[in-house]
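[1] Here is a sequence together with a model predicted from it:
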Amino acid sequence: MSKTRRYIVYLTTNLINGMVYAGIHKRSDTWKSRNYLGSGYYLKHALKAYGRKNFSIEVLWECDTKKEALELEGLLVDKEWLKSPLVYNILCGGGGKKEDFKQSTKDKISQSLKNYFSDPEHRKQCGDNIKLAYQKNPFWDEYYKSERGDKTRCKISKKRKAYLKVYPFQKGEKHFNYGTKRTPETRLKMSLARKRYFQENPPKKGEEHFCFGKKLSEEEKEKISKRRKLYLQDPENILKLSNTMKNFYSDPENRKKTSLATKLGIQRKKLESIKINNDIQIKTIGDDE
């Protein structure tokens, strides 16, 4: 008996309009595998529209490994193949990437996503669903505070540091956002969204704050001080800081706010010193009596 090979490269044909779809499939003894016709996005819609009876499948090659099957699929389903109007495939074969999408497909995806998130009611519904999910699962809050949660955070931190050593953050001209400028409308939208978020979720203070009662170790303090020193050693960073301070104090409203804040701080210190002196005097009178 000849041994059946595990992977196949197949061609599914629409018997009504002649459109085709090429792909690979891993064989098994299940009914689903025996009646498999493909899993492409457009092919699935076509199967619903025309019915499975109006499609035929042809095995082009049989392979022992997935790698072999992907190589053969890559040779068949290339960019020239995708240009044909009688093709259901969206990506190039051999484990296609996003870069291999047709331009028309990219435009359709972009437009559908814009329409999907442009509706404010839909955005609100998404936010409410996320909030409900967190309310129904208080486990995450407990897990975050537990020892196991600390271990998980340490693992994530180590993996992230190792990743950033190999793929460091791109700065300046190498950054993907370099040269792009947000329009005034976009900036206004971002500002309003941020204000709305802080109105609905005001920042927690005092005992409610997640850092309340936590103390930094000496090692952590040293790390923070080293980072600050390194940051201030760079002349570009010093220039940035000076420019931000100049821009801040050039506005008369900001100058008024800072002056009021300093005056209030001085008054508070005076009141605290008076209270301390009064307490000391009361104690001394009590001791004399």
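    All right, it came through fine.
[2] Now do the helices in the stretch 51-200 of the chain.
    66-76, 79-83, 103-118, 120-136, 139-145, 147-166, 184-200 (DSSP state H, counting those that start in this stretch).
[3] mean pLDDT for those: which is lowest?
    Ranked on mean pLDDT, the bottom entry among these is helix 139-145, at a mean of 59.
[4] number of nearby residues for residue 6?
    Burial of residue 6 is recorded as 15 neighbouring residues (other Cβ atoms under 10 Å). (Each C-beta comes from the backbone N, C-alpha and C, glycine too.)
[5] ok, back up a step: let's have the helices of the stretch 51-200 of the chain in CSV, adding distance to residue 247 and mean neighbour count.
    Below are the helices of the stretch 51-200 of the chain laid out as CSV (distance: least, Cβ to Cβ, whole Å; neighbours: other Cβ atoms under 10 Å):
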stretch, distance to residue 247, mean neighbour count
helix 66-76, 54, 17
helix 79-83, 50, 12
helix 103-118, 33, 10
helix 120-136, 33, 10
helix 139-145, 38, 11
helix 147-166, 31, 10
helix 184-200, 16, 10
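[6] Quick check: which of the ones you listed is nearest to residue 89?
    Residue 89 lies closest, by Cβ to Cβ, to one member of these: helix 79-83, at 6.1 Å.
[7] Run the chain-centre distance for the closest one.
    Offset of helix 79-83 from its chain centre (Cα atoms, centre = their mean, to the nearest Å): 32 Å.
[8] can you tell me which of the helices of the stretch 51-200 of the chain comes nearest to residue 19?
    helix 79-83 (12.6 Å).
[9] count of neighbours near residue 269?
    Residue 269, neighbours per other Cβ under 10 Å, totals 10.
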